[in-house]
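Trainee: sequence and predicted model, in that order:
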Amino acid sequence: MAVDNVDKREARQTLAPAIGAQPGSVAHPREAGGGDIALEIKDLTIDFVSVDGSVRILNGVSLMAKKGEVVGIVGESGSGKTTLGLAILGLLDSPPTNIVSGSVTFEGRDLLKLKPAEMEKIHGTGINMVFQEPLDSLNPVYTVETQIGEALKVQRKRQDPPVTQEAEGETKRLITDLLRNLCIDKPEEVLERYPHELSGGMRQRVAISISIVEKPRLMISDEPTTGLDAYVQSRILGMFSAQRKAGETLLYITHDLTIASQICDRIYIMYAGRVMEAGVTRGVLQEPLHPYTSTLVASVPQGYEDAPPLSVQLGEPPDLRNLPSGCKFNPRCPYVKDVCKETEPKLEEIFAGRHAACWRVDKELGRFS
Amino acid sequence: MGDLVEIENLTVAFRSKRREGLFRSGPSLKALDEVSLTIGENETFGLTGETGSGKSTLAKVLVGLYRPTSGTVKLLGREIDYKKRKDITFLRQNVGIVFQDPVRSLNPSLTVKEVITEALIAAKSIPKKDYDERINFITKLVGVTKDLLPRRPRELSGGQRQRISLARALVVPKKLLVLDEPTSALDVSIQAQVLNTLKRLKSELSMSYLFITHDINVIKYVSHRLGVLFYGRLVEVGDTRTVDIEPKHPYTQSLISHVLTLKKVGLQETVVSEHRPAPSGCRYRIVCPAAFEKCAAVPRWIDLGGGHLVSCFLYDHSSQKETHPPLQTVAAKGGGLQVPPREPS
């Protein structure tokens, strides 16, 4: 029983017990390719083509994630966050979507140029994604055990060397341990159930455990806690923080700044398919350069009933079919100038590690002016 | 008296679909269990709790969509008899509601104007010639521009839809507006706009709100008083500031400590165990770090002064005997009077 060699306490801390780890075998080729950078997206532009014409849903998005980093992608609906996640995994159907330009480099390979069969080998153990609605991503006709077990099987097969033998009942025990570590009561009973029999929070944790069990080198999670209450959210964030400790790269897609401030090392603020501001989380949220980031920060309710109104401008999320000229945020921006309505600003480095796309940000002074 | 709404010992039980025999129905589930609260004039009462804690059930009782199994609801001093049509009409004339889902709560085949007019027709008390004037007045107030009136809900954004729900609820003046998670389906910047509008409306139309949400940041920002529900039972009620700064019930303490704010930078290390309600006694006792023998009984309400009420034996000193554990023991178990610093498991 190889697994018994693993220190129980350590396994608990990393939440994902060293599944199938055998003495002498490398659990995962973590160091393979790519150097320090896990994922690099350059100038990614994607159109959505329909009978009514084509709509640009991503426009020149560049993004980079280092190994072991938690990178947040923050934006409101229609900002292109989910599209970005799907594009990385190659899950966008074409048509209707059309990748106009750009590259997605993962471990030294451009994912956009890979054949479907090659991409399939990366899915799961290379990159995987947790979707917002777990009921849609779980298979309704299989039990929790079957679904987690399937992921585990894939992970074992792809190990170097592949694990083909397993001890009697080992899979079940591993899955039970995993669920127990995710604070699921009576995991033995949960294993027998079908997705529709579980609560939203439980389902989401099952979906996440499917991801965890595969030990991906890059995990993308798309709003995994939206609509769940504070406790369940806290539990799920706790899991992600443990994942991070295990050295996994995480791309965390959310619209909630409070969550981003908790778990992300760096964040990218997106609006209308563009990156508006990027930098170290604390810096971006405490001293935002872009007026859109300021709007988002000001939208978080602060204080009590007698507090002043939240300082946000009126305005709706952008309609991608009908974007304004110049800066796409200009109709909602309180600091709009003439130039903002004419030419679109480029995302530029304002100071080390901070990028912003705004005409009102002075590069020399390194601040909003 | 002065209170607009007085709810006393309200219990709402749902019968389980599963039957135990041909003539015996299955066990009933109490969505609300002996809940008592009051909402004053011009007050915003915030109600929070986890999914399944009974928040929405209470909202639906207040507009007459559910009947209470037992207990009384008084509106403007009049006790509502849910079997009398007259009383239900009285309830609906004075209480408006805005639901969470702005897509499903608006009739897709009606235009915005028709949606709002329906509410006027249903009220019966308003002469037809005043309809336009009223619609103009209310749409301006909630921030819906005139060009939206001939459109249908699917052509509108979530924020606009929620404003229309608001207009529909308020086109006939109401005494109380029940807001059941009105902003949780909206984007953050839109949520902020709607919250601003709600606050402004309240002062302009002078009414009370029952604001229901699981988002503590939002509820703190809007409500004067706060009630915390745990699996159908109210565990703590008090002034929002007091409850937020000095939560007394172990559940409230834990809840408040898990609220994420922008200022709290750094990872949340704690992983909380699953919440299972106890079948009897204090519902929180299974997970409560400070639980002791007494908790097997239902705790009574303890008045801590200033309208701060808590339903917990830790503060019940009336029969302080050997059954009450010394406070040190409680602290050692991770509970106590302050927000317990939870150890990472």
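Mentor: Thanks, I have it.
Trainee: what about the stretch 201-345 of chain B, any weak spots by pLDDT?
Mentor: In the prediction, the stretch 201-345 of chain B carries residues with pLDDT under 70 at positions B:264-275, B:319-345.
Trainee: same thing with the stretch 51-200 of chain B?
Mentor: Counting by pLDDT under 70, the stretch 51-200 of chain B shows no low-confidence range.
Trainee: for it, which segments count as helices?
Mentor: For the stretch 51-200 of chain B, helices defined by DSSP state H, counting those that start in this stretch occupy the ranges B:55-62, B:85-94, B:112-123, B:131-142, B:158-170, B:188-205.
Trainee: show me the domain layout of chain A.
Mentor: The record assigns chain A these domain ranges, following automatic domain parsing: A:2-271, A:321-369.
Trainee: among these, show the one with the smallest mean pLDDT.
Mentor: Note on the domains of chain A: domain A:2-271 shows the lowest mean pLDDT, a mean of 81.
Trainee: pretty sure A:Gln313 is touching A:Phe329, no?
Mentor: No. Contact criterion C-beta atoms under 8 Å: A:Gln313 and A:Phe329 do not qualify, at 10.0 Å. (Each C-beta comes from the backbone N, C-alpha and C, glycine too.)
Trainee: tell me which of these two has more neighbours.
Mentor: Set side by side, A:Gln313 and A:Phe329 show more neighbours around A:Phe329, with 25 against 15, by other C-beta atoms under 10 Å in any protein chain shown.
Trainee: and that one, backbone torsions?
Mentor: A:Phe329 adopts backbone torsions of phi -90, psi 0, taken as degrees, to the nearest 10.
Trainee: contacts only, for it.
Mentor: The contact partners of A:Phe329, taken as C-beta atoms under 8 Å, 6 or more residues apart in numbering or on different chains, are A:271-272, A:276, A:290-292, A:318.
Trainee: from these, which land in helices?
Mentor: Within the contacts of A:Phe329, membership in helices is found for A:291-292, as judged by DSSP state H.
Trainee: dump the contacts of A:Phe329 to a markdown table, plus neighbour count and distance to chain B.
Mentor: Compiled in a markdown table, the contacts of A:Phe329 are given as follows (neighbours: other C-beta atoms under 10 Å in any protein chain shown; distance: C-beta to the nearest C-beta, whole Å):
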| residue | neighbour count | distance to chain B |
| --- | --- | --- |
| A:Tyr271 | 26 | 10 |
| A:Ala272 | 24 | 13 |
| A:Met276 | 28 | 13 |
| A:His290 | 28 | 13 |
| A:Pro291 | 25 | 12 |
| A:Tyr292 | 27 | 9 |
| A:Pro318 | 21 | 10 |
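Trainee: from the contacts of A:Phe329, which has minimum pLDDT?
Mentor: Lowest-confidence member of those: A:Pro318, scoring 82 (pLDDT).
Trainee: check contacts around that residue.
Mentor: A:78, A:271-272, A:328-329.
Trainee: could I get the full set of helices for the stretch 101-250 of chain A?
Mentor: Read by DSSP H, counting those that start in this stretch, the stretch 101-250 of chain A holds these helices, from start to end of the chain: A:116-122, A:134-137, A:144-157, A:170-181, A:187-191, A:200-213, A:230-245.
Trainee: so which bits of the longest one are buried?
Mentor: I take that to be helix A:230-245. Residues of helix A:230-245 classed as buried: A:230-244 (neighbour count, 16 or more other C-beta atoms under 10 Å in any protein chain shown).
Trainee: now swap in stretch B:7-18 and tell me
Mentor: When burial is assessed from 16+ other C-beta under 10 Å, stretch B:7-18 yields the following buried residues: B:7, B:10, B:12-13.
Trainee: and for stretch A:80-100?
Mentor: A:80-90, A:92, A:97, A:99.
Trainee: which among the residues you listed gets closest to chain B?
Mentor: For the buried residues of stretch A:80-100, the closest approach to chain B (C-beta to the nearest C-beta) belongs to A:Lys81, at 11.8 Å.
Trainee: hmm, A:Val71 and that closest one touching each other?
Mentor: No. In this structure A:Lys81 lies outside contact range of A:Val71 using C-beta under 8 Å: 11.8 Å.
Trainee: enumerate the residues of the stretch 151-300 of chain A near chain B.
Mentor: Within the stretch 151-300 of chain A, the residues that sit near chain B (C-beta under 8 Å from any C-beta of the partner chain) are A:183-185, A:199-201, A:227-235, A:237-239, A:241, A:244, A:255-259, A:261-263, A:281-282, A:285, A:295-300.
Trainee: burial count for A:Pro209?
Mentor: Quick fix: residue A:209 is Ser, not Pro. A:Ser209 has 25 neighbouring residues, counting by other C-beta under 10 Å.
Trainee: now B:Phe45
Mentor: Taking other C-beta under 10 Å as the neighbour definition, B:Phe45 ends up with a count of 25.
Trainee: A:Leu365 now?
Mentor: Residues near A:Leu365, counting by other C-beta under 10 Å, number 10.
Trainee: sec struct for it, please.
Mentor: Here A:Leu365 is coil, with the state taken from DSSP: H, G, I helix; E, B strand; the rest coil.
Trainee: just how off-centre is stretch B:123-143 within its chain?
Mentor: Distance of stretch B:123-143 from its chain centroid, counting by C-alpha atoms, centre = their mean, to the nearest Å, is 28 Å.
Trainee: in that stretch, what's buried?
Mentor: For stretch B:123-143, the buried set under the neighbour-count rule, 16+ other C-beta under 10 Å, comprises B:126, B:131, B:134-135, B:138-139, B:141-143.
Trainee: related to what we said a few turns ago, what's the farthest-apart pair in the buried residues of stretch B:7-18?
Mentor: Using C-beta to C-beta, these reach their maximum pairwise distance at B:Ile7 and B:Ala13, which is 15.9 Å.
Trainee: neighbours of residue 215, how many?
Mentor: By default, I'm working from chain A. Neighbours around A:Lys215, by other C-beta under 10 Å: 24.
Trainee: you answered for a different chain; I wanted chain B.
Mentor: B:Asp215 is surrounded by 19 other residues when neighbours are defined as other C-beta under 10 Å.
Trainee: pretty sure it is touching B:Pro182, no?
Mentor: No. With the criterion set as C-beta under 8 Å, B:Asp215 and B:Pro182 do not qualify as a contacting pair; they are 10.7 Å apart.
Trainee: so who does B:Asp303 touch?
Mentor: Applying C-beta under 8 Å, 6+ apart as the definition, the contact partners of B:Asp303 turn out to be B:Leu309.
Trainee: beta-bridge partners for it, please?
Mentor: Partner residues in beta bridges with B:Asp303: B:Leu309, with DSSP bridges as the criterion.
Trainee: A:Leu191 is in contact with A:Leu172, correct?
Mentor: If you look again at residue A:172, you'll see it is Lys, not Leu. Yes. Because the distance of 7.2 Å satisfies C-beta under 8 Å, A:Lys172 is recorded as touching A:Leu191.
Trainee: neighbour count winner among these two?
Mentor: Set A:Lys172 next to A:Leu191 and count neighbours by other C-beta under 10 Å: A:Leu191 wins out with 20 against 15.
Trainee: residues contacting the nearest residue to the more buried one once chain neighbours are set aside?
Mentor: In this structure, A:Leu191 finds its nearest non-sequential neighbour in A:Glu145, 4.0 Å apart by C-beta to C-beta, 6 or more residues apart in numbering or on different chains. Contact partners of A:Glu145, counting by C-beta under 8 Å, 6+ apart, are A:172, A:175, A:191-192.
Trainee: in three-state terms, label A:Cys43 for me.
Mentor: That one is not Cys; residue A:43 is Asp. With three-state DSSP as the criterion, A:Asp43 reads strand.
Trainee: any idea how far the residue nearest to it when sequence neighbours are not counted lies from chain B?
Mentor: Leaving aside its chain neighbours, A:Asp43 sits nearest to A:Gly102 (4.6 Å; criterion: C-beta to C-beta, 6+ apart). According to C-beta to the nearest C-beta, to the nearest Å, A:Gly102 stands 26 Å off from chain B.
Trainee: spit out the contact partners of A:Gly102.
Mentor: Listed by C-beta under 8 Å, 6+ apart, the contact partners of A:Gly102 are A:41-46, A:60-61, A:112.
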